[in-house]
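**Q** quick one: sequence and predicted model below, then my questions.
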Amino acid sequence: SILVAAGQPVGRWTEHGIALGVIFVTLLHRLDPKTGSLSIFRIMILLFVVVTGWVVLSSKTHVVDPHYNFRNAFAGALQVPMTRYATAPFKFLNAYAEWSNVKYIMNNIRDAVRTLKIADPLGLGICVVLYLLANVAYFSAATKTEIEKFGVTVAVLFFANVFGSVAERALSVFIALR
């Protein structure tokens, strides 16, 4: 699937390249608990998306109308089935349940209560702000109908609309290696 995402034919050198990429990602995962390198890499990509969204909104790219989705943003919102609104809190709680796994390792941290009081709201706040700004970036680079019909990760559509098909394939490879 990585070769399909990259648009490359299967060959000896592409297999070697994939092997090196897998080794790199494996080493990154191995070092992650000690250095946080994988988390830093993810935050860097997220910051890149946010800043790129600001550039798109400033009309400095080839995106035709970056403000299209922000005119009448709530038009058609009443046609959404109420079940989506009813299940939204459950989706949020499910996402937050992963965050609560941090509490299992608190015996290994010095002054755990103080650390948790600082890290919990700070980490959650940073994630909320970054993902909210990333969603603004996604809606600035693609229309609502494009996002609904795309069917794959919205970030891939974002990269395709802003940077072209090469960046779309590169991001597909990053997602596949993740």
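**A** Structure's in. What do you need?

**Q** buried set for the longest helix seen in the chain?
**A** Counting residues, the longest helix found in the chain (DSSP state H) is helix 112-141. For helix 112-141, a neighbour-count test (16 or more other C-beta atoms under 10 Å) marks 130, 133, 134, 136, 137, 138, 139, 140, 141 as buried. Every residue, glycine included, has its C-beta placed from N, CA and C.

**Q** now the first one, nearest residue through space, not along the chain?
**A** Spatially, and ignoring its direct neighbours in sequence, residue 130 is nearest to residue 46 (5.1 Å; C-beta to C-beta, 6 or more residues apart in numbering).

**Q** next one: the second one
**A** Ranked by C-beta to C-beta, 6+ apart and with sequence neighbours excluded, the top spatial neighbour of residue 133 is residue 50, at 4.4 Å.

**Q** please read off the pLDDT at that neighbour from the model.
**A** In this model, residue 50 is scored at 93, pLDDT.

**Q** so how many other residues sit close to it?
**A** Per other C-beta atoms under 10 Å, the neighbour tally for residue 50 reads 18.

**Q** ok, it to residue 162 distance?
**A** From residue 50 over to residue 162 the distance is 13 Å, taken as C-beta to C-beta, to the nearest Å.

**Q** so residue 171, which state does it fall into?
**A** Secondary structure, DSSP: H, G, I helix; E, B strand; the rest coil: residue 171 is helix.

**Q** ok, now which ones touch it?
**A** Residue 171 makes contact with 153, 155, 156, 159, according to C-beta atoms under 8 Å, 6 or more residues apart in numbering.

**Q** try it again with 7 Å
**A** Applying C-beta atoms under 7 Å, 6 or more residues apart in numbering, we find residue 171 in contact with 155, 156, 159.

**Q** just the element for the second one, please.
**A** In the assignment (DSSP states H and E), residue 156 maps to helix 154-163.

**Q** immediately after the least confident helix or strand in the chain by mean pLDDT, which helix or strand?
**A** The weakest-scoring helix or strand in the chain, judged by mean pLDDT, DSSP states H and E, is helix 2-6 (a mean of 60). Heading C-terminal from helix 2-6, the first helix or strand you meet, by DSSP H and E, is helix 12-35.

**Q** next, the buried residues of that following helix.
**A** For helix 12-35, by 16+ other C-beta under 10 Å, it's residue 18.

**Q** now for whichever helix or strand comes after that helix, which elements pack on it?
**A** Scanning forward in sequence from helix 12-35 by DSSP H and E, the next helix or strand is helix 37-57. Packing partners of helix 37-57 (3 or more C-beta pairs under 7 Å, 6 or more residues apart in numbering; DSSP states H and E): helix 12-35, helix 112-141, helix 154-163.
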